[in-house]
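Enquirer: Structure of the sequence below:
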Amino acid sequence: PCLTVWHPWETEIDTSSPLWDNALENVTRTVVTQGWTPNFGIPAAVKSSFDYPGDKTYNSILYLLQCLSDHGGNVNNINIEHSSYEHFHSACTFQMVDVGFTAALSKGDNDLLRIGQILMDKNRITKPSWDAMEAATERSHLSKRMLHGLWNSDKGTFFNQVVNLTMNRNETYSSNYTTPIKLPIGSNFIALWDQLSNSTMLESMTSHLLQRSGQFSFYCGEYMLWSRGCGEAYGSGASGSPSILFLLNYRVSKGLKRNREVGLGHFLQSSTLNLICGLPNSDESDLADCLDSQQFASAFNATSQLPLGKDECGLTSTLTAAIVLDMLIPDKAFRYESEPPISSSSVIFLIALEMVVAFGVGIVCLLLSLHLMRRAKADEEGDAFVQIIRERQEEELLVQLPAEDTNEEVVTNYNNEMNDSETRPWSLELISRLNPMKLWEKRDTHTQ
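Expert: Predicted coordinates for the structure are as follows:
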């Protein structure tokens with residue numbers, strides 16, 4: 001892994017979780033050794049909160065906050081960038097690889113990669129370069145490997161891993177290995193926030209959600225999802241009992257639907273809404289019956305189903321109200337259909353080819369038009385020439401033919417030839433047959 005959290009408040013794990021007793025062990029030891037105490041009194045409202053972890057754990061959280069504040073101005077001391085993916089450096093005694101933090105990073109990297117692919121597919125002017133896409137792909141794969149690195153095949157779930165920091169000679173801390181915190185806590189299921197590519201992981205996680213007995217089972221009562229497993233002893237927090245956290249239920253229900261476990265995700269969502277309304281967790285419950293009975297508390301007691309919180313701030317959580325609104329009126333699912341994979345060079349080539357074909361068709365049409373015009377002009381000249389010949393033949397025939405010639409056969413033949421010429425196209429043979437000299441030869445032959 002190459003990304004860690006430096007403080008518990010960077011995570012979404014409730015501060016009353018038994019995980020912090022293990023994760024903050026080095027910090028607590030330092031606080032006891034140095035005899036450190038906060039320079040202010042912890043308010044009574046904080047100590048009476050349902051998620052107050054106790055003085056020992058809370059003092060460790062405050063000490064770590066002061067340590068980060070003291071070294072936050074000098075980046076070289078904290079050394080934010082790790083020298084390698086297996087080696088960690090820190091100025092304070094705490095670093096942890098968090099399941100929820102890593103799942104959010106993995107999903108964010110995957111979403112950025114998808115956005116880049118859409119921009120590439122759309123051939124936008126502002127599309128990312130190939131180098132940027134390669135870097136985004138590598139980052140997405142890296143964060144996915146980070147998340148899968150938190151998987152424990154023996155228990156069939158994801159675990160947070162604490163960095164085993166040791167002090168160096170320059171009074172800083174470093175380590176090259178981590179240790180999983182094998183506790184059955186509900187925050188392990190936030191790994192579902194990212195879509196898991198391994199079906200075995202998904203099947204194992206969903207089985208834990210539906211089991212009612214066992215150390216890593218979480219369907220312990222009427223409502224889901226308990227912050228601790230059914231086999232986990234109740235912690236030393238103020239409430240002493242596991243809680244049902246609405247932000248956790250929201251993350252897990254959304255993650256289940258994203259991983260195509262729609263039925264289980266919808267059941268967890270309905271269970272959460274029924275708990276807010278004080279309705280039985282069954283299909284017969286109608287959310288319309290809770291218009292005046294909803295309780296927007298941050299969390300509920302898992303065993304008594306009572307809201308956790310004593311004042312208006314604890315019973316009117318805007319975060320819970322926002323979660324309920326999103327559950328009842330979810331956003332429209334994003335869908336994108338890829339266009340045909342045509343690159344810019346291919347489009348330019350196709351356009352050029354179409355222009356060449358269109359230019360060729362235009363040239364052919366122009367040549368054909370010129371040819372037709374030439375043929376039409378030639379036909380008009382031929383018709384005029386035939387008409388002139390015909391008129392001259394008629395005039396010469398009338399001049400050369402004696403007036404007293406009453407040879408009916410010759411005249412009849414001539415008329416027939418003229419009539420036939422009107423119905424037949426003019427040709428050289430017809431013009432030759434209408435030659436006046438041949439008409440005289442016919443006349444002389446008949447006379448003899």
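
Enquirer: Sketch out the low-pLDDT regions of the stretch 201-350 of the chain for me.
Expert: 232-240, 288-289, 291-293, 310-314, 338-344 (pLDDT under 70).

Enquirer: what ranges do the strands span in it?
Expert: For the stretch 201-350 of the chain, the strands defined by DSSP state E, counting those that start in this stretch occupy 243-245, 299-301, 307-308.

Enquirer: Quick one, which of those gets closest to Leu370.
Expert: strand 243-245 (86.2 Å; Cβ to Cβ). C-beta coordinates here come from the backbone N, C-alpha and C atoms, glycine included.

Enquirer: Run through the neighbouring helices and strands of that closest one.
Expert: Using 3 or more Cβ pairs under 8 Å, 6 or more residues apart in numbering; DSSP states H and E, the elements in contact with strand 243-245 are strand 299-301.

Enquirer: contacting residues around the strand it packs on?
Expert: Residues outside strand 299-301 that contact it (Cβ atoms under 8 Å, 6 or more residues apart in numbering) are 14, 50-51, 223, 239, 241, 243-246, 275, 306-309.

Enquirer: Among those residues, which one has the most neighbours?
Expert: Leu245 (27 neighbours; other Cβ atoms under 10 Å).

Enquirer: Find the nearest non-adjacent residue to that one, please.
Expert: Distance criterion Cβ to Cβ, 6 or more residues apart in numbering; nearest residue to Leu245, sequence neighbours excluded, is Ala299 at 5.0 Å.

Enquirer: Among the contacts of strand 299-301, which one lies nearest to Gly263?
Expert: Of all those, Tyr223 has the smallest distance to Gly263: 17.2 Å, by Cβ to Cβ.

Enquirer: re the thing from before, of the strands of the stretch 201-350 of the chain, give the one that comes closest to Gln215.
Expert: Nearest of those (Cβ to Cβ): strand 243-245, 18.5 Å.

Enquirer: partners of that closest one in the sheet?
Expert: Partners of strand 243-245 in the sheet, by DSSP bridges, are strand 299-301 (antiparallel).

Enquirer: Flag every buried residue along the partner strand.
Expert: Ala299, Phe300, Asn301 (16 or more other Cβ atoms under 10 Å).

Enquirer: How far does it sit from its chain's centre?
Expert: 35 Å (Cα atoms, centre = their mean, to the nearest Å).

Enquirer: Stretch 246-265 too?
Expert: Its chain's C-alpha centre and that of stretch 246-265 lie 18 Å apart, by Cα atoms, centre = their mean.

Enquirer: next one: stretch 359-368
Expert: On Cα atoms, centre = their mean, the centre of stretch 359-368 falls 49 Å from the chain's centre.

Enquirer: same deal with stretch 243-261?
Expert: Distance, stretch centre to chain centre, for stretch 243-261: 20 Å (Cα atoms, centre = their mean).

Enquirer: and the buried residues of strand 299-301 as TSV, adding distance to Phe218?
Expert: As requested, the buried residues of strand 299-301 are exported to TSV (distance: Cβ to Cβ, whole Å):
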residue	distance to Phe218
Ala299	15
Phe300	15
Asn301	16
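
Enquirer: and of the residues you listed, the nearest to Met355?
Expert: So of the buried residues of strand 299-301, ranked by how close each gets to Met355 (Cβ to Cβ), first place is Ala299, at 68.7 Å.

Enquirer: how close does the closest one sit to Gly186?
Expert: Here the distance between Ala299 and Gly186 works out to 11 Å (Cβ to Cβ, to the nearest Å).

Enquirer: And for Ser60?
Expert: Counting by Cβ to Cβ, the gap between Ser60 and Gly186 amounts to 22 Å.

Enquirer: now swap in Leu366 and tell me
Expert: 80 Å.

Enquirer: Look at those two and report which has more neighbours.
Expert: Higher neighbour count among Leu366 and Gly186: Gly186, with 26 against 10, using other Cβ under 10 Å.

Enquirer: What strand or helix carries the spatially most central residue of the chain?
Expert: Geometric centre of the chain, nearest residue: Arg114, 5.2 Å, by Cα atoms, centre = their mean. Using DSSP states H and E, Arg114 sits within helix 99-122.

Enquirer: Having no further points to raise, I will conclude here.
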